[in-house]
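Undergrad: Generate coordinates for the sequence data below:
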Amino acid sequence: FKNPTFEAFGNAVGMLGDFKSGKTLARDGFTEIDDFHKLGNEWQVLPTDLMMFHKAEAPQFPKKCIEPEDPRGERRRRLDESSV
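TA: So this is what the prediction gives:
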């Protein structure tokens, strides 16, 4: 978000995190989750949630969300394996 303000987002909590602390929290509001894949799965829409979209599309709980592929792929340098 560009130029977020406390007035607009001060009470915001949820998948985007807690605006005041910057922490990304689980649904329970207390457990901090630093892994964005785990966070996304934690906040997957459940059957008990209100209808958030015009129509439901796959995957639906209990199936897991489809995680995006890493567009950069595995690119870490592994100097210990190098013959240079």
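Undergrad: What residue, apart from its backbone neighbours, is nearest the residue nearest the centre of the chain spatially?
TA: Of all residues in the chain, the one closest to the mean position by Cα atoms, centre = their mean is G40, 3.5 Å from it. Leaving aside its sequence neighbours, G40 sits nearest to C65 (Cβ to Cβ, 6 or more residues apart in numbering; 5.7 Å). C-beta: built from backbone N, CA, C; applies to glycine.
Undergrad: okay, now the one you found: neighbour count?
TA: 14 (other Cβ atoms under 10 Å).
Undergrad: repeat for T24
TA: By other Cβ under 10 Å, the residues close to T24 number 21.
Undergrad: What of the one 5 residues further on?
TA: The burial metric for G29, expressed as a neighbour count using other Cβ under 10 Å, is 9.
Undergrad: and the residue nearest to it when sequence neighbours are not counted, what does it touch?
TA: Leaving aside its sequence neighbours, G29 sits nearest to V13 (Cβ to Cβ, 6+ apart; 6.7 Å). V13 makes contacts with F19, L25, G29, as judged by Cβ atoms under 8 Å, 6 or more residues apart in numbering.
Undergrad: Let's have those in TSV, adding distance to E69.
TA: What follows is the contacts of V13, written out as TSV (distance: Cβ to Cβ, whole Å):
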residue	distance to E69
F19	30
L25	27
G29	31
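Undergrad: List phi and psi for E32.
TA: phi -90, psi 130 (degrees, to the nearest 10).
Undergrad: Tell me how far the residue nearest to it when sequence neighbours are not counted lies from G40.
TA: Among residues not flanking E32 along the chain, K23 sits closest, at 5.2 Å (Cβ to Cβ, 6+ apart). In this view, K23 and G40 are 16 Å apart by Cβ to Cβ, to the nearest Å.
Undergrad: for L50, same thing?
TA: 19 Å.
Undergrad: For I33, which non-adjacent residue is closest in space?
TA: L39 (4.5 Å).
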